[in-house]
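S.K.: Here's my sequence, what's the structure:
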Amino acid sequence: RFDPKMASDLPKGWELRDSKSTGKPYYYNTYTKMTQWEPPLHPAPGQVQASHLLVKHRESRRPSSWKQDKITRTKEEALEQIKQLRAEIVSDDTGFAELASKESDCGSAKRGGDLGLFGRGQMQKPFEDATFGLEVGELSGPIYTDSGIHIIIRTA
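M.R.: Numbering: from 1, shown residues only. Predicted coordinates for the structure are as follows:
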């Protein structure tokens, strides 16, 4: 079933694999450890794709999330949490997508933190600058925006 032609057309960081349970091909992102049945999208010129994990704090522009109605943690506590989560990702104990789906205060958590494709002017400036400055597969340090503190992995 494996088609080398299909695999060679994939964006960096993606692999085509065969499902052991169904025998059908699926796509695996080596950076986030997410899987999907549909082929991954190639970004258009001037676009990137990224996943992120957001930790909000009481000074965030909307200090609530799908996890918590009222967020009361301080900015310093949020930074400590983001540092611990980043360390867990770097140590490879947990995949980015798995951790984002449980720990992120953003609605993108249900997609493992995946924000899809975006271009300049679509995200808050510090987030945009950080994402466009990353290499594909690279994980950022803590990034501060009005939403809270993020860690970002560029996926395309």
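S.K.: For the rest of this, base every contact and every neighbour count on C-alpha atoms.
M.R.: Fine.
S.K.: mind listing what's buried in the longest strand seen in the chain?
M.R.: The strand spanning the most residues in the chain, taking DSSP state E as the definition, is strand 47-55. For strand 47-55, burial by neighbour count (16 or more other Cα atoms under 10 Å) applies to 48-55.
S.K.: Residues contacting that strand, please?
M.R.: In this structure, residues lying in contact with strand 47-55 by Cα atoms under 8 Å, 6 or more residues apart in numbering are 32, 43, 78-79, 81-82, 97, 100, 103-106, 109, 112-120, 131-132, 147-156.
S.K.: Keep only those of those that are in helices.
M.R.: Cross-referencing those with the helices (criterion: DSSP state H) gives 78-79, 81-82, 97, 100, 103, 131-132 as the overlap.
S.K.: Now list the buried members of these.
M.R.: Taking 16+ other Cα under 10 Å as the criterion, what is buried in the ones in helices among the contacts of strand 47-55 is 78-79, 82, 97, 100, 103, 131-132.
S.K.: Dump those residues to JSON lines, plus distance to residue 60 and pLDDT.
M.R.: Converted to JSON lines, these look like this (distance: Cα to Cα, whole Å; pLDDT from 0 to 100):
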{"residue": "78", "distance to residue 60": "10", "pLDDT": "98"}
{"residue": "79", "distance to residue 60": "13", "pLDDT": "98"}
{"residue": "82", "distance to residue 60": "15", "pLDDT": "98"}
{"residue": "97", "distance to residue 60": "23", "pLDDT": "93"}
{"residue": "100", "distance to residue 60": "18", "pLDDT": "96"}
{"residue": "103", "distance to residue 60": "16", "pLDDT": "96"}
{"residue": "131", "distance to residue 60": "20", "pLDDT": "97"}
{"residue": "132", "distance to residue 60": "23", "pLDDT": "97"}
